[in-house]
Structures are given as structure tokens and as C-alpha cells.
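1. model this:
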Amino acid sequence: MAIPTPTADKNNILKNPGAAATFLPGAVIGALVFIAFFGIQLINPTNTDWIFTNLGDVAQHHLGWVYYRHTPWTFPICMTDGISSDGMISCMYTDSIPLFAIIFKLLSPVLPENFQYIGLWGIICFALNGGFGASLLKRIEPNLCFTTIGSLFFSVFAPSLNRIHQHNSLGASWLVMLALMLTIDHKREYKHSFTPVAAWAATCVAATLIHLYFIPMIYSAMFAYVIMLFFRDKKRLRAVCTAVVPTLFSVLSLWIIGAFKGSGSYSDGGFGQFSANLNTFYNGLGTSRFIPSLPVRDGQYEGLGYLGVGMLLCCLLGLISAVIYFAKQEGSFFRNVLSYAKKHGIEIFAYVSAFCISFFWAVSTTVAFNEKVLLDIHLPFAIMSRLAVFRSSGRFIWLPCIMIMTFAVWLISKLKFKVSAALLTVCVLVNCIDFSVWRGSLHAQYTRPALEPNITESEWQEAVRGVDEVVFLPLPPDYRANIQLYFDISRLAARDRISLSSFYLARSDYGSLWEYADEQYRQLSCGNGREDALYVFFKDEDVPKDVDNMTVFRLGNYTVARVKK
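-> Numbers count the residues shown, from 1 in each chain. Purely as a prediction, here's the structure:
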């Protein structure tokens, strides 16, 4: 599994491209893939209609940014006001991509009032996916044609495509590729010895400012890097610094953006449910033209790790290539394999360890194949509650996916160049065809005309005259399931800088929210409601009866009330 750097003609840009020459074609391909799947209109920063036409997590992320934009600067720097009655929260808990949220809040005075950066984030992410995918392959075969063709595997990567249009921050699989590049470069000599440590720290800081789920994947790759530094390269001080310094900077970054502020829980239930199925690598869950969806357990959509028929073919051809390679060597096949394993034992152990850590964490304590549970491990509550900080553990399958893709392409590269390039091209084309139906579906979904809003501008303005807060009553335990109501109301409230009593957040202090809503409901029912509040009810039967000073009316599809002046 060790990936040596082959020799190349340094005077030929095709056979030995520089870093920029390798990165740019892959980045262009990645950007074109994004446009092919989602269209060009998502990139328009003043087009927010697509966000609310395709209602889901993307609306949460955008509205979190709008409230953050209107919040005065404070420290920690990402605190957002007006979005929840339990106090200010970090915009990382609305998954608003803190890195971009900070940048565009700085630019807010010169930006139009109706502004979104979600589409811009998407195309940049896919450009980086393609560019870093090509850069990763350069460590295998420094040939521009090879890296450019192979970058399509990393651009048309099912987990990124599945995430970028809704849970947008999770489309940044380039962070995982960057971590693998640093791992492969463990033998590289730098002008300054602290450069690789700084690179790891920068990667971890970027992950904290994008989405925290990338941190365990980066650390799994870092584990392999540290093993090789410590035991193979004998650079033990650098190994220790690599383990410690990025951790310190990650924690510092989380503190700066407000991750530790507020009283909400850092964990949530469901660890073991939102995991990866053992069929994940070949189960497209509706994304494949050729392979029908296989059954999985409820919640295991989080563990989508489908490689594509083309990559599965590449894996098969790679294994055949490996068998041919060892069979042609002098001596018996198994002796050659054992000799290679002995020579590269530390590297093999390091990469396999990184793969297994991420894979078994993705599979979690409930090991399932199709719908059948093969093993259900019961751990103490104290351990499970801490694991539930990353309850959607299935996402950690992305590192094993990228490792498999890289390994398969490396095996193909051991063939004669013309043969390997031809096989790689065929596999890439098959992969693109495999995802073509999914591409058509996503493209149609994100290029359709905007829907008519449930609430007209005139009725909204009439309803919120003199309103400072929208109060959602009474608050049920599953209040976050009412996303249509929340986003229809919050879209207009955010624009007009009206506070919310509760919102669809990744982390909330439900006890505090419930106490606030319960008190507001009690006061309203007793005839002591607030004139500056718009009361929104989840159900018609929740409207208090026989309250003389309250006017109940319809706002779009929803039942609301105001207290008479």
C-alpha cells in the first residue's frame, strides 16, 4: 500500500507537471461537474429562490447566515443573535460554513441585502475536489493526462454530490484528499521543518471552520502519518508535534467561533442508527444507472459511500494488475507478496490502520448488512453519549472511499502507461454514465422555476406591523420536524430582522426553549400576551380559547395571532 513517487522527465510538463499545472485542469473539471449537475443559476449570489424552492437543510444554513450577518460583531466572533430564545449561538450550529460566514460578514456593507454564498461555496468545493484529486494522483503518477483524467473520480464523487446541494458544508471532501496528500508526503523534505506541522494545523483549522465532521477523518489519516514518521522515518519530534499542535489550533479555533458558548448539549441521540451499511461501497441508494438500490436500515443514508460502477471496475482491474505484477516477479507469487509486505510493513500497517479506524467508526456499534443486523454492541451510556457528538457516524466512510479510489488508481498505474491511461479513461467514462440519470434528476430539480411563496408580501407586512419577535407555540418535542413552517416564516423574519423564539438548529437547549415557550403560552392564554409578538401555532387546536384581547387569523397556510392594542 506504500505509494512511491516514480521518476519522470523533469523537462516535460506532460510527464512532470508542476503543482499548479496539475491542480488547475482538475479544478476546472470539478467546477464543470458542479454546473452539469446543478446548473449555473445556483452561483448567482442574489438568487435565493432555489434555496426555498428546494426546502431542506440548505434553508437552515442560509437563514443562519442572514441572522449572523445582522448581529453586531462580538466575541466569540461567530455568535448569532435573534434566532433562538435560549441566547446567542454560534453560526456553526446552523451549519452556515463559518469560514464563508465570517468573510461575507466582513464584506456585508458592500453586499446586496438579498445575498447567498451557498452556490458559490458549491462550485468552489467541487473545483477543490477536482484540483486536489488531481494533486493526490500526482503522488502516484506525475503525468498531466493521467491526473486530469483521474480527477473525474474525485469530482463525480457520490458523497460530495449527495451533500453539496443540501448539507453544503459536507461537500468539502477536498479536506480528506488534502490530509491524504500530507500523509503520502511523509518522506518529503521541506525547507523549514515546521512546514508539515503547519500544513496539518491549517487543514484542521479549515475543517473546524467548515464542518466538524471532517476532523475525525483528518485525524485518521494523520494517525497513519504519525506512525510512519515515528517508526519509519524516525522523525519522532515532528510526529509528536503533528499530533499536538493541530489539536491545540483546532480547539482554539472552536473557542474563537463560539463552539463552547451556550447551554445546549454537544451530543444528540442516534449513534448507531445513522451509520454505514456493509454494502455501502456498491450500494448507490438510487444514484446508480446500473445497480439497483439495496436495502439498508433506517438512517443509513448517512453512510452513502457508493464508488460507482466505473470505480468498482477500476478496483477489479487494479487487483488483476497486482496479481500480474507479483506473478511476473522471480519466485513464487505468495513469496513475492510476503516479501513486498515485509519491505513496506510500516506503511501498510499505517494506511490499513487509518482505513480501519474510519471504516469501523462509520459502521458503528450496529453492524448491518442490508437490513440484517450482524452485530449490535451495547456500550455504557457514558461512552455512547460521547460517541453521539458525531452521531451520524456513517459519514466517516468517506475517507475509506477516497483511500480505495486512490489505491485502485495506483494499482492501475503500475501497468504500461498507454494501457493504464486507456483503462483509466474507460473506467472514468463508465462512472460518469453510471451517475448520468442522477445528474439529470438533480439538474432538473435545481433548474426548475421558483415556487410561489406560501405567504404574500402584503399579508406579511400587515401581520408583523410593530412586531419584534415571532413566538412559536406551544413547543412540541419534535418541533424541528416542522421545517416548512419554520422556513416560510423565518425567511421573511430574517429579512426584516425580527427575532425568533426557536429555530431548526443543530444544537439547542430544549429545556430553555420549552420553558420560554410555555411561559409565553401561559401569558397569552391568561390575556397577558405581548403586543410586539406574532404568535405562530403548530396546530389549530393549540390556539387558546376565550381570550378577548387576541386576534386569530391565517397567514399563508398557518394559524397566527396578535394581541390587540
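2. Secondary structure class of the residue nearest the centre of the chain, three-state.
-> Centroid-nearest residue in the chain: L170, 0.9 Å away (criterion: C-alpha atoms, centre = their mean). Secondary structure for L170, judged by DSSP: H, G, I helix; E, B strand; the rest coil, is helix.
3. F157 is in contact with that one, correct?
-> No: between L170 and F157 there is no contact under C-beta atoms under 8 Å: 11.8 Å. From N, CA and C alone the C-beta is placed, and that goes for glycine too.
4. number of nearby residues for the closest residue in space to T365 that isn't next to it in sequence?
-> In this structure, T365 finds its nearest non-sequential neighbour in I377, 4.1 Å apart by C-beta to C-beta, 6 or more residues apart in numbering. The burial metric for I377, expressed as a neighbour count using other C-beta atoms under 10 Å, is 10.
5. if I pick I377, what's in contact with it?
-> Taking C-beta atoms under 8 Å, 6 or more residues apart in numbering as the contact definition, I377 lies against T365, T366, V367.
6. Bridge partners for the last one, pull those for me.
-> Beta-bridge pairing of V367, defined through DSSP bridges, involves L375.
7. Give me the local confidence score for it.
-> Reading off the confidence values, V367 has pLDDT 96.
8. any idea how far R297 is from it?
-> 10 Å (C-beta to C-beta, to the nearest Å).
9. With neighbour count and distance to L513 added, can I get the contacts of I377 in a markdown table?
-> Putting the contacts of I377 into a markdown table (neighbours: other C-beta atoms under 10 Å; distance: C-beta to C-beta, whole Å) gives the following:
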| residue | neighbour count | distance to L513 |
| --- | --- | --- |
| T365 | 18 | 30 |
| T366 | 20 | 30 |
| V367 | 18 | 36 |
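10. For those, give me TSV that also has distance to L429.
-> Formatted as TSV, the entries for these read as follows, by distance: C-beta to C-beta, whole Å:
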residue	distance to L429
T365	40
T366	37
V367	35
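11. To what extent is the residue lying closest to T280 once chain neighbours are set aside buried, counted in neighbours?
-> In this structure, T280 finds its nearest non-sequential neighbour in G305, 4.0 Å apart by C-beta to C-beta, 6+ apart. For G305, the tally of surrounding residues (other C-beta under 10 Å) stands at 27.
12. and G305, what is it in contact with?
-> Neighbour list for G305: A158, P159, A276, T280, F281, A362, G394, I397, W398, P400, C401 [criterion: C-beta under 8 Å, 6+ apart].
13. Just these: which are in helices?
-> Counted as lying in helices by DSSP state H, out of the contacts of G305, are A158, P159, A362, W398, P400, C401.
14. Nearest to Q445 among these?
-> If you rank the ones in helices among the contacts of G305 by distance to Q445 using C-beta to C-beta, A158 comes first, at 16.4 Å.
15. nearest residue to the closest one other than its sequence neighbours?
-> Spatial nearest neighbour of A158, excluding adjacent residues (C-beta to C-beta, 6+ apart): Y306 at 4.4 Å.
16. any idea how far A533 is from that neighbour?
-> 48 Å.
17. Report the buried residues of stretch 379-397.
-> M384, S385, L387, A388, F390, R391, S392, S393, G394, R395, F396, I397 (16 or more other C-beta atoms under 10 Å).
18. Spatially, which two of these are the most separated?
-> Taking C-beta to C-beta as the measure, these span a maximum distance of 22.6 Å, between S385 and I397.
19. host element of the residue nearest to the residue nearest to the centre of the chain when sequence neighbours are not counted?
-> Using C-beta to C-beta, 6+ apart and skipping the chain neighbours, the partner closest in space to L170 is R163 (4.0 Å). Taking DSSP states H and E as the criterion, the element that holds R163 is helix 158-164.
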